[in-house]
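Chemist: predicted model and sequence below, questions to follow.
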Amino acid sequence: MKNVEPGAFGLGRSDPFFEVAKKNADYRLATIKWQVVYRSEDIPNNLNPYWRPTTIGLEELCYGNLDWPLKITVYDYNKGGTHKKIGEFETTIALLHDQIAVKGNADREKAIPVGREGRFKIYGLVCVLQADLVNLAGGV
């Protein structure tokens, strides 16, 4: 991730965390909103973060539709709540599953670029190390 927190003498490091949001559209009003469904922990002073795995229900995440639009946004955490956006990308569960890194967190072939809307600059890369679809109900 790009360091957006240079600190004193350029010695600071970003404290990245990410949010996953699903797309909600009201076509009657011609509006699109993103509803945050998950927020990771922040990783202090780290430009190569590794976030803990989590479990999110498919209904909550994407209405059970693996092709439903999702947005993943990476921020630099600030105690005052004025978090600074590092970058974001849009995807789906199906696309994330196709991007699972086979060479670990150094897999540049499967890495997803993190950018900013309207800009072509890359502010970081996200490697998906694991993405499993599991039946939490225990049924078939």
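Modeler: All right, it came through fine.

Chemist: tell me which helix or strand the closest residue to residue 93 other than its chain neighbours sits in.
Modeler: If the residues on either side of it in the chain are set aside, residue 93 comes closest to residue 66, at 4.4 Å by Cβ to Cβ, 6 or more residues apart in numbering. The way it works is simple: take the backbone N, C-alpha and C, and place the C-beta from them, glycine included. Remark: residue 66 resides in no helix or strand, with elements defined by DSSP states H and E.

Chemist: so, low pLDDT: which residues of the protein?
Modeler: Residue ranges of the chain with pLDDT under 70: 7-11, 118-119, 135-140.

Chemist: the strands in it, which residues?
Modeler: For the chain, the strands defined by DSSP state E cover 16-26, 31-39, 70-76, 84-91, 112-115, 122-126.

Chemist: so for residue 108, what's the nearest residue that isn't a sequence neighbour?
Modeler: Residue 108 sits nearest to residue 125 (Cβ to Cβ, 6+ apart), 7.1 Å away.

Chemist: that neighbour contacts residue 114, correct?
Modeler: Yes: counting by Cβ atoms under 8 Å, residue 125 touches residue 114, with 6.6 Å between them.

Chemist: out of these two, which sits in the more crowded spot?
Modeler: residue 114 (22 against 17; other Cβ atoms under 10 Å).

Chemist: residue contacts, the residue positioned nearest the centre of the chain?
Modeler: The structure's the chain has its C-alpha centroid closest to residue 72; by Cα atoms, centre = their mean the separation is 3.2 Å. By Cβ atoms under 8 Å, 6 or more residues apart in numbering, the contact list for residue 72 reads 18, 19, 20, 21, 88, 89, 90, 91, 126.

Chemist: can you pull the contacts of the fourth one?
Modeler: For residue 21, the contacting residues are 34, 35, 36, 37, 70, 71, 72, 73, by Cβ under 8 Å, 6+ apart.

Chemist: against residue 12, how distant is the first one?
Modeler: Taking Cβ to Cβ, to the nearest Å as the measure, residue 34 and residue 12 are separated by 29 Å.
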